[in-house]
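S.K.: No sequence on hand, only this structure:
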């Protein structure tokens, strides 16, 4: 009888959802932290355990006990794939019903949302379809079609787990009938059946790309969602709204991070500016190639395709993320040109001079924002529960990482900042020499180090602590825009064409 009881308890533990594994976007509770894990600090061919081809996609890998899962798109098919963690062998792939029909930005993907895995299931979301649940052998358990939200760039938020529910944020740019309020909502589904458990409207939210977290603090637990202009707290068991703070951008992407005393939300200014006082000179220099008559101005007649208003000057002109291109439709193009001319053209000569552009650029609305919020309170707690905020070195896409009282922020150009989590004071701000360019992957932590991946395929390892110390960098020789996953001795990195495992001998 005693042996049977022990076996039952062990089986019950095996069925429970893992709490410390890399089972969702950014690992444990979206933190990016792999405590107790020791992947290699110096990456190279000598520690490359395997490299396998994968179809395109922007979801990040997640891990079960012996398998790795991700999503992809190929020839219109929306795929869920499983791999053996030890060997990299593909074990199975399953296609979602139908084809990818969601309208997405050229820099985005039909497969951007990262799966959620527990000890029994893997749950995936595609904006074109909805939720699909498989067991670890690829057998479909349930499916839940969900109408595709209307967004600016395509869906990217990922499912998270709470107790026996899977939670999805479905923010939407469409309005409710006869209303200026949006159709946005957050919904909890039963993990066993896919049935709806609760739904809460988010009427003041428009499309966003952040994934929520569960914030365990001294007063309980909150479901925290960063969205259009606001950081919201909800009861994760019922969906009831509790509190919110304001001041964030229209476009929110980063995952919040938290400790027992604070939750931290961040967003760059719309367009990607990370500093309150951004230097406009690189932006002006980046559009000078459109000055076709070389008179030192950008004239109205030059604001036609391929002219693009710059948002990220570190990218090539033809990169889909460089900026706002001019519409091909003449009517829409005239409207956009009129709009941006009125912003900068103060002398009404139908052109931008460098002086006009730089002055207008400095007056752009909004601000980059990192805010620390204390638990408790209800309604708008912006004034009552915000401990501090900073407006420097805020990433556009990468999420912050909080470890040992320090918040790390990696932004475009490879600039890494460390901020004191209690006081909001900048500890250091340094450029990681090998990164440069665009950074879309979020930082991850293990073994006393940050792993930072630049979009052009360089991964740099930086020691944590109050002094900046770059330890190593490695060229993956392929573009990489997704966040790595980590287990006890391995870091898994998805590139544009491959999935790569770097493994230590420990």
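M.R.: Arrived safely. In this text the structure is predicted, and so the values were computed from the model without any measurement. Numbering: from 1, shown residues only.

S.K.: isn't residue 142 right up against residue 194?
M.R.: Yes - using C-beta atoms under 8 Å, residue 142 makes contact with residue 194 at a distance of 3.9 Å. No exception for glycine: its C-beta is placed from N, CA and C like everyone else's.

S.K.: Which neighbours do those two have in common?
M.R.: Residues touching both residue 142 and residue 194 (C-beta atoms under 8 Å, 6 or more residues apart in numbering) are residue 133.

S.K.: hang on, residue 168 is in a strand, isn't it?
M.R.: Yes - assessed with DSSP: H, G, I helix; E, B strand; the rest coil, residue 168 lies in a strand.

S.K.: Let me see the contact set for it.
M.R.: Applying C-beta under 8 Å, 6+ apart, one finds that residue 168 lies in contact with 125, 131, 146, 157, 159, 186-187, 189.

S.K.: from the chain's centre, how far out does stretch 424-440 sit?
M.R.: 17 Å (C-alpha atoms, centre = their mean, to the nearest Å).

S.K.: Just the buried residues of it, please?
M.R.: For stretch 424-440, a neighbour-count test (16 or more other C-beta atoms under 10 Å) marks 424, 427, 432, 434-440 as buried.

S.K.: Of those, which is the nearest to residue 379?
M.R.: Nearest to residue 379 among these is residue 424, at 23.5 Å by C-beta to C-beta.

S.K.: shouldn't that closest one be in contact with residue 386?
M.R.: No - look at residue 424 against residue 386 with C-beta under 8 Å: they stay out of range, at 10.1 Å.

S.K.: Could you name every residue contacting both of the two?
M.R.: Common neighbours of residue 424 and residue 386 (C-beta under 8 Å, 6+ apart) are residue 372.

S.K.: Which positions within stretch 393-407 qualify as buried?
M.R.: For stretch 393-407, a neighbour-count test (16+ other C-beta under 10 Å) marks 393-403, 406-407 as buried.

S.K.: swap in stretch 101-115?
M.R.: 102, 104, 107-115.

S.K.: In terms of residue numbering, what are the domains of this structure?
M.R.: 156-271+368-396, 281-362 (automatic domain parsing).

S.K.: The ones you listed into CSV, with extra columns for distance to residue 70 and mean pLDDT?
M.R.: Formatted as CSV, the domains of the chain follow (distance: least, C-beta to C-beta, whole Å; pLDDT from 0 to 100):
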stretch, distance to residue 70, mean pLDDT
domain 156-271+368-396, 11, 95
domain 281-362, 22, 84
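
S.K.: Looking at those domains, which one is packed in the most?
M.R.: domain 156-271+368-396 (a mean of 20; mean count of other C-beta atoms under 10 Å).

S.K.: Pretty sure residue 85 is one of the things residue 50 touches, is it not?
M.R.: No - with contact defined as C-beta under 8 Å, residue 50 does not reach residue 85; the gap is 9.7 Å.

S.K.: picking up where we left off before, turn the domains of the chain into CSV, including distance to residue 417.
M.R.: Output for the domains of the chain, formatted as CSV (distance: least, C-beta to C-beta, whole Å):
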stretch, distance to residue 417
domain 156-271+368-396, 4
domain 281-362, 17
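
S.K.: Name the nearest residue to residue 468, ignoring sequence neighbours.
M.R.: Distance criterion C-beta to C-beta, 6 or more residues apart in numbering; nearest residue to residue 468, sequence neighbours excluded, is residue 430 at 4.2 Å.

S.K.: Surely that neighbour is in a helix?
M.R.: No - applying three-state DSSP, one finds residue 430 to be strand, outside a helix.

S.K.: wait, what's in contact with the residue nearest to residue 280 when sequence neighbours are not counted?
M.R.: Sequence neighbours aside, residue 361 is the residue nearest to residue 280 in space, at 3.7 Å (criterion: C-beta to C-beta, 6+ apart). Contacts for residue 361 (C-beta under 8 Å, 6+ apart) come out as 278, 280, 283-284, 344.

S.K.: pretty sure residue 361 is in a helix, no?
M.R.: Yes - checked against three-state DSSP, residue 361 lies within a helix.

S.K.: And it, how far from residue 271?
M.R.: As defined by C-beta to C-beta, to the nearest Å, residue 361 lies at a distance of 10 Å from residue 271.

S.K.: next one: residue 462
M.R.: Distance, residue 462 to residue 271, using C-beta to C-beta: 27 Å.

S.K.: what's the answer for residue 495, then?
M.R.: Distance from residue 495 to residue 271, by C-beta to C-beta: 27 Å.

S.K.: again with residue 439
M.R.: Counting by C-beta to C-beta - residue 439 and residue 271 are separated by 16 Å.

S.K.: Likewise for residue 443?
M.R.: Using C-beta to C-beta, residue 443 is found at 22 Å from residue 271.

S.K.: What are the contacting residues of stretch 195-204?
M.R.: 165, 169, 171, 176, 181-182, 184-190, 225, 227-230, 232, 234, 238-241.

S.K.: any chance you could map the helices in the stretch 301-450 of the chain?
M.R.: Assigned by DSSP state H, counting those that start in this stretch, the stretch 301-450 of the chain shows helices spanning 330-344, 354-362, 382-385.

S.K.: can you redo the ones you listed as CSV with distance to residue 98?
M.R.: As requested, the helices of the stretch 301-450 of the chain are exported to CSV (distance: least, C-beta to C-beta, whole Å):
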stretch, distance to residue 98
helix 330-344, 30
helix 354-362, 44
helix 382-385, 43
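
S.K.: Tell me which of those sits nearest to residue 80.
M.R.: helix 330-344 (37.4 Å).

S.K.: where does residue 46 land on pLDDT?
M.R.: With respect to pLDDT, residue 46 scores 94.

S.K.: quick one: secondary structure of it?
M.R.: helix.

S.K.: Kindly report the same for the one 10 residues further on.
M.R.: Three-state secondary structure (criterion: three-state DSSP) places residue 56 in coil.

S.K.: What count of nearby residues applies to it?
M.R.: The local packing of residue 56 (other C-beta atoms under 10 Å) involves 12 other residues.

S.K.: So it is in contact with residue 74, correct?
M.R.: Yes - assessed by C-beta under 8 Å, residue 56 is found in contact with residue 74 at 7.0 Å.

S.K.: which one of the buried residues of stretch 393-407 sits closest to residue 415?
M.R.: Checking those against residue 415 with C-beta to C-beta, the nearest one is residue 393 at 6.0 Å.

S.K.: Dihedrals phi and psi, that closest one?
M.R.: Residue 393 has phi and psi values of phi 60, psi 40 when expressed as degrees, to the nearest 10.

S.K.: Quick check: it touching residue 275?
M.R.: Yes - using C-beta under 8 Å, residue 393 is in contact with residue 275, at 6.6 Å.
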